[in-house]
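> would you be able to build a 3D model of this:
(one chain, ligands or ions: 1)
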Amino acid sequence: MSAPPAAPPAVEIRGLVKRHGGRAVVDRLDLTAEAGRVTAVLGPNGAGKTTTIECCEGLRAPDEGSVRVLGLDPQAHGRELRAQVGVMLQDSGLPTAVRALDMLRHVATMYAEPRDVAELVERLGLRDFAGTTIRRLSGGQRQRLALAIAIVGRPALVFLDEPSAGMDPQSRLAVWELVRELRDEGVAVVLTTHLMDEAESLADHVVVLDHGKVIAEGGVRDLVAAADDRTLRFEAPPALDLASLGAALATTGQTGPAPVVQEPSPGEYVLSGAVTPETLAALTAWSADRGVLVTRTSVGRRTLEDVFLDLTGRNLR
Ligand SMILES: Nc1ncnc2c1ncn2[C@@H]1O[C@H](COP(=O)(O)OP(=O)(O)OP(=O)(O)O)[C@@H](O)[C@H]1O
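I've put the predicted structure just below:
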């Protein structure tokens, strides 16, 4: 007996190109999102995240390449996919004059086997504003309602755009817990976010885009835990001579990449590369030599934010 055919990935993008005014804003992009996994798509402003997701939602047609969502072409099978794909947008696009709970109940009636509305109301704390019109909801309340609406139909795939943006810490935790549960139930979750802690906390797979291309991808751990890389952070007077400090730290006889020192904001320094006890000693010796007082020093593992900034640079877009 032959094995049943494997289900296609929830999202499979191959060689996607999307141009605006002759410029490729998505440039031969490949991306796969699997069921039972949270895939985070990260990238600076204008990197092409929204354009890519909109191609998956059938809102834009690719100029080149192919996009398959649950095995189907979203341009040709929009109606079938709408029943199986949940979308939560920043600008929720919900009718503003309708009361929050009425909206959620209405959407639930459109599905054969919706989730239990009362449970969603409880989980996402919607009760306090159930009777408020959508127009009057706060940003965080609107986000929670939009998430409830995106998942009430038990989608196989959900697109979440910064799901916890603007939320208070309690709501954030509730949303993250729900997203993890969806993943554990086998839902494919595609998350676009600028919140690195959100991606770090939720993502099984991270895809970093820049200029319309994938510039890095992998598990969070793979991306942040290159060998024994550590980050040393310290505070000192602004505008230290980084070239001189870098040279001093590079002579500590270590193996591996030379440490790189940056000053992301005045007086705050970040040193990445292999941080060893000798690196700390060299920093202290260098600063003592120059009469520089280093206040507050910490050594920690690199965060996803460190990796993201290394990959995409620190300049504004
Ligand atoms: N309809 C359009 N006409 C012209 N340019 C467009 C159009 N839509 C998007 N772009 C451009 O395409 C590029 C990618 O935009 P996109 O919205 O996909 O980026 P993004 O990664 O989602 O950014 P952000 O993080 O700011 O949301 C940008 O430079 C944007 O200005």
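> what sits against Leu245?
Val261, Leu283, Trp286 (C-beta atoms under 8 Å, 6 or more residues apart in numbering). Using the backbone N, CA and C atoms, a C-beta is placed for each residue, glycine as well.
> could you rerun that using 7 Å?
By C-beta atoms under 7 Å, 6 or more residues apart in numbering, the contact set of Leu245 is Val261, Trp286.
> what segments of the stretch 51-200 of the chain are helices?
In the stretch 51-200 of the chain, the helices defined using DSSP state H, counting those that start in this stretch lie at 78-82, 100-109, 117-123, 139-151, 169-184, 196-202.
> quick one: the residue most central in space within the chain from the ligand, how far?
Note on the chain: the residue nearest the mean C-alpha position is Thr193, at 3.7 Å, using C-alpha atoms, centre = their mean. Shown here: Thr193 relative to the ligand, a distance of 9 Å by C-beta to the nearest ligand atom, to the nearest Å.
> try Val299
According to C-beta to the nearest ligand atom, Val299 and the ligand sit 32 Å apart.
> likewise for Ile149?
Distance check for Ile149 against the ligand: by C-beta to the nearest ligand atom, it reads 21 Å.
> what about the nearest residue to that residue once chain neighbours are set aside, how many neighbours?
Once flanking residues are discounted, Ile149 sits nearest to Val107: 5.1 Å by C-beta to C-beta, 6 or more residues apart in numbering. With neighbours defined by other C-beta atoms under 10 Å, the count for Val107 comes to 18.
> quick check: mean pLDDT across the helix or strand where Val270 lies?
Element membership for Val270, per DSSP states H and E: strand 268-273. Taken as a whole, strand 268-273 has a mean pLDDT of 85.
> can you pull the buried residues of it?
If you call a residue buried by 16 or more other C-beta atoms under 10 Å, then strand 268-273 has these buried ones: Tyr269, Val270, Leu271, Ser272, Gly273.
> Phe88: neighbour count?
Rather than Phe, residue 88 is Met. With other C-beta under 10 Å as criterion, Met88 counts 22.
> sorry, slip of the keys, the one I care about is Leu195.
18.
> from Gln143, how far off is Gly166?
6 Å (C-beta to C-beta, to the nearest Å).
> who's more crowded, these two?
Per other C-beta under 10 Å, whichever of Gly166 and Gln143 has more neighbours is Gln143, with 27 against 14.
> how far away is the more buried one from the ligand?
In terms of C-beta to the nearest ligand atom, Gln143 sits 16 Å off from the ligand.
> I'd say that residue and Asp168 touch.
No: using C-beta atoms under 7 Å, Gln143 makes no contact with Asp168, being 10.7 Å away.
> could you list the low-confidence segments of the stretch 101-250 of the chain?
Within the stretch 101-250 of the chain, the segments meeting pLDDT under 70 span 226-229.
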